[in-house]
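> Generate a structure from the sequence data that follows.
(one chain, ligands or ions: 2)
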Amino acid sequence: MRTLFKNIKELIQVREQPVSFLAGAEMKLLPTIKNAFLLVENGIIADFGKMEKCPTILVDEIIDTTGKMMLPSWCDSHTHIVYAGNREGEFVDRINGLSYEEIATNGGGILNSAKKLQETSEEDLYQQSKIRLEEVIQLGTGAIEIKSGYGLTVEAELKMLRIIKRLKENYSIPIKATFLGAHALPSKYKNNKQAYLQLLVDEILPVIAKEKLADYIDIFCETGYFTVADTESILKAGKKYGLIPKIHVNQFNAIGGVQAGVNFNALSVDHLEVMRNEDIEALKNTNTMPVALPSCSYFLSIPYTPARKMLDAGLPLALATDYNPGSTPSGNMNFVVSTACIKMKMTPEEAINAATINGAYAMGLEKKVGSITIGKQANLILTKPINSYSFIPYSFGNHQIEKIYLKGEYWKR
Ligand SMILES: N=CN[C@@H](CCC(=O)O)C(=O)O
Ligand SMILES: [Zn+2]
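Ligands and ions are numbered 1, 2, ... in the order given. Reported below is the predicted structural model:
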């Protein structure tokens with residue numbers, strides 16, 4: 001099957017030479033080709049260039065995209081889209097003055113979602129999760145990471161991971177799974193944290209390895225949740241089973257989670273709303289991708305990751321949604337890109353780089369997606385007619401997507 005996209009007003013994020021990720025000043029550059037063509041063969045990008053060089057070979061379909069732009073789909077490297085029900089009651093509680101921490105201390109928060117999930121059948125949970133996955137694909141996400149962490153029992157954590165596996169099997173976008181058993185301490189273990197961590201290590205990790213249920217391991221390293229020592233012990237245990245760390249750190253407090261992640265060669269350290277100079281220093285010249293989650297800052301009214309400071313210090317940065325029922329009930333990468341520009345002062349070039357190639361790197365998919373490069377999967381966004389790509393973040397609260405193509409084929413819910 002060959003599809004030729006012709007007369008593309010601007011083909012965005014063109015990388016003839018593949019890049020793994022971009023850092024510091026490199027992020028200011030977003031290579032494009034104006035008046036371009038793109039050829040897709042059997043779901044893979046086979047060729048692209050200026051219209052003058054458009055091949056005249058036989059194709060199955062020609063799509064004229066005059067006036068419209070194309071870019072690689074968004075790469076959302078941090079989500080929790082497998083969850084049961086919602087937490088709009090807590091949203092109202094926060095409006096009325098309670099803090100996120102106070103709600104969690106009163107038995108709400110993650111434990112509230114865990115209770116709901118434990119009571120939900122695997123089939124029902126799959127149906128709820130699939131709706132969210134389709135919703136974000138329609139919003140331009142073409143590769144996604146999904147975490148467990150709302151189960152908090154052996155049975156419920158495995159139920160979540162098996163659902164992620166089923167989503168992987170049933171959808172054509174790349175999906176990576178992360179084991180986040182150490183997301184919160186279940187009430188049953190309130191006075192015995194070590195026993196809960198041991199349960200994760202002894203009873204869940206071996207099953208994950210046997211059934212190949214996860215690629216990555218995560219922990220919520222935060223005051224009131226899990227300490228740096230807990231983080232080190234869980235990452236060590238995960239490493240024995242080949243699980244690479246991608247961890248929640250520095251959301252409310254900087255307690256050394258960034259350093260622990262770097263020491264364990266984490267693929268990413270995520271949240272980073274609170275960053276000390278030493279945290280920025282620790283990330284320099286490492287392979288660990290810092291990931292910012294601006295929709296979470298927006299929804300909880302907490303600080304935004306200091307992107308400007310980090311990029312000006314030469315660090316890379318990826319952007320992701322954090323789609324979850326508590327801190328970010330939105331999986332809209334278009335909003336994330338806009339908010340990064342508006343609130344974090346990232347340029348449109350930096351934000352698009354952070355939401356595509358750097359997001360791909362943050363889930364180990366940089367060879368497969370995240371740029372217009374020959375050999376990569378043709379997961380693409382075709383925009384509505386727009387004048388410049390800056391209109392994408394400018395038109396916040398809206399999106400400029402006309403059509404989605406997955407493996408080169410038009411995708412509709
Ligand atoms: N911070 C930890 N976990 C999620 C939120 C969990 C929840 O409130 O349900 C996050 O990434 O924001
Ligand atoms: Zn998260």
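> Going by C-alpha atoms from here, please, whenever you check contacts or count neighbours.
Will do.
> so residue 40 touches residue 55, yeah?
No - the criterion here is Cα atoms under 8 Å, and residue 40 misses it with residue 55 at 12.0 Å.
> More neighbours: the two, which one.
Neighbour count, other Cα atoms under 10 Å: between residue 40 and residue 55, residue 40 has more, with 25 against 15.
> Could you confirm the more buried one falls within a helix?
No - counting by DSSP: H, G, I helix; E, B strand; the rest coil, residue 40 falls outside a helix, being strand.
> Distance check, the residue in the stretch 201-350 of the chain that ligand 1 sits nearest to against residue 249.
Nearest to ligand 1 in the stretch 201-350 of the chain, going by Cα to the nearest ligand atom, is residue 326, at a distance of 3.5 Å. Per Cα to Cα, to the nearest Å, residue 326 is found 17 Å from residue 249.
> For those two, work out which one has more neighbours and name it.
Per other Cα under 10 Å, whichever of residue 326 and residue 249 has more neighbours is residue 249, with 30 against 22.
> Spit out the contact partners of the more buried one.
Counting by Cα atoms under 8 Å, 6 or more residues apart in numbering, residue 249 touches 220, 221, 222, 257, 258, 269, 270, 271, 272.
> How about residue 379?
Residue 379 makes contact with 72, 73, 142, 173, 369, 404, 405, 406, 407, 408, according to Cα under 8 Å, 6+ apart.
> hmm, try it at 6 Å
Contacts for residue 379 (Cα atoms under 6 Å, 6 or more residues apart in numbering) come out as 73, 142, 405, 406, 407.
> Any of the residues you listed buried? List them.
The neighbour-count test (16 or more other Cα atoms under 10 Å) applied to the contacts of residue 379 identifies 73, 142, 405, 406, 407 as buried.
> Look at residue 36 and give its secondary structure.
Of the three states, residue 36 takes strand under three-state DSSP.
> Count the residues that sit near the residue in the stretch 1-150 of the chain that ligand 1 sits nearest to.
Nearest residue of the stretch 1-150 of the chain to ligand 1, counting by Cα to the nearest ligand atom: residue 110, 4.3 Å away. Neighbours of residue 110 under the rule other Cα under 10 Å: 23.
> Could you measure from it over to residue 299?
For residue 110, the distance to residue 299 - Cα to Cα - is 16 Å.
> what do you get for residue 174?
On the measure of Cα to Cα, residue 174 and residue 299 end up 27 Å apart.
> all helices for the stretch 201-350 of the chain, in order.
205-211, 228-240, 257-263, 277-283, 294-300, 307-312, 333-344, 348-355 (DSSP state H, counting those that start in this stretch).
> Okay, buried residues for the third one please.
Neighbour-count burial for helix 257-263, counted by 16+ other Cα under 10 Å, picks out 257, 258, 259, 260, 261, 262.
> check contacts around the residue lying closest to residue 60 once chain neighbours are set aside.
Leaving aside its chain neighbours, residue 60 sits nearest to residue 2 (5.3 Å; criterion: Cα to Cα, 6 or more residues apart in numbering). Neighbour list for residue 2: 40, 41, 59, 60 [criterion: Cα under 6 Å, 6+ apart].
> Just read off the phi/psi values of the last one.
Okay, so that is residue 60. Per-residue torsions, residue 60: phi -80, psi -30 (degrees, to the nearest 10).
> list the contacts for the spatially most central residue of the chain?
When Cα atoms, centre = their mean is applied to the chain, the residue found nearest the centroid is residue 77 (2.1 Å). Counting by Cα under 6 Å, 6+ apart, residue 77 touches 144, 145, 320, 359, 362, 363.
> more crowded one of residue 174 and residue 299?
residue 174 (20 against 14).
> Quick check: that one touching residue 141?
No - if you go by Cα atoms under 6 Å, residue 174 and residue 141 don't touch, sitting 10.2 Å apart.
> So what's the gap between stretch 187-203 and the chain middle?
Relative to its chain's centre, stretch 187-203 lies at 28 Å (Cα atoms, centre = their mean, to the nearest Å).
> now do the same end-to-end measure for that stretch.
Counting by Cα to Cα, you get 19 Å between the two ends of stretch 187-203.
> In it, which residues are buried?
Those would be 193, 196, 197, 200, 201, for stretch 187-203 by 16+ other Cα under 10 Å.
> Ok, stretch 336-344 next?
Neighbour-count burial for stretch 336-344 flags 336, 337, 338, 339, 340, 341, 343, 344 (criterion: 16+ other Cα under 10 Å).
> for the stretch 301-413 of the chain, what spans make up the strands?
With DSSP state E, counting those that start in this stretch as the criterion, the stretch 301-413 of the chain has strands at 318-319, 380-385, 401-406, 409-411.
> deepest of those strands, which one?
Of the strands of the stretch 301-413 of the chain, the one with the most neighbours on average (mean count of other Cα atoms under 10 Å) is strand 318-319, at a mean of 32.
> List the strands paired with that strand, with their directions.
Under the criterion DSSP bridges, strand 318-319 sits next to strand 289-292 (parallel) in its sheet.
> Tell me how far the partner strand lies from the chain's centre.
Mean-position distance between strand 289-292 and its chain equals 10 Å (Cα atoms, centre = their mean).
> what comes into contact with that strand?
Contact with strand 289-292 is made by 268, 269, 270, 271, 305, 317, 318, 319, as judged by Cα under 6 Å, 6+ apart.
> what about 7 Å?
With Cα atoms under 7 Å, 6 or more residues apart in numbering as the test, strand 289-292 has contacts from 267-272, 305, 316-320, 362.
> Can you go through those residues and name the buried ones?
Listed as buried from those are 267-272, 305, 316-320, 362; burial here means 16+ other Cα under 10 Å.
> still on that earlier bit, can I get the strands of the stretch 301-413 of the chain in JSON lines including distance to ligand 1 and mean pLDDT?
Converted to JSON lines, these look like this (distance: least, Cα to the nearest ligand atom, whole Å; pLDDT from 0 to 100):
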{"stretch": "strand 318-319", "distance to ligand 1": "13", "mean pLDDT": "99"}
{"stretch": "strand 380-385", "distance to ligand 1": "26", "mean pLDDT": "98"}
{"stretch": "strand 401-406", "distance to ligand 1": "27", "mean pLDDT": "98"}
{"stretch": "strand 409-411", "distance to ligand 1": "29", "mean pLDDT": "97"}
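> Let's have the ones you listed in TSV, adding distance to residue 64.
Converted to TSV, these look like this (distance: least, Cα to Cα, whole Å):
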stretch	distance to residue 64
strand 318-319	31
strand 380-385	11
strand 401-406	13
strand 409-411	14
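> where does the chain come near ligand 1, residue by residue?
Applying Cα under 6 Å from any ligand atom, we find that the chain lies next to ligand 1 at 109, 110, 220, 322, 324, 325, 326, 327.
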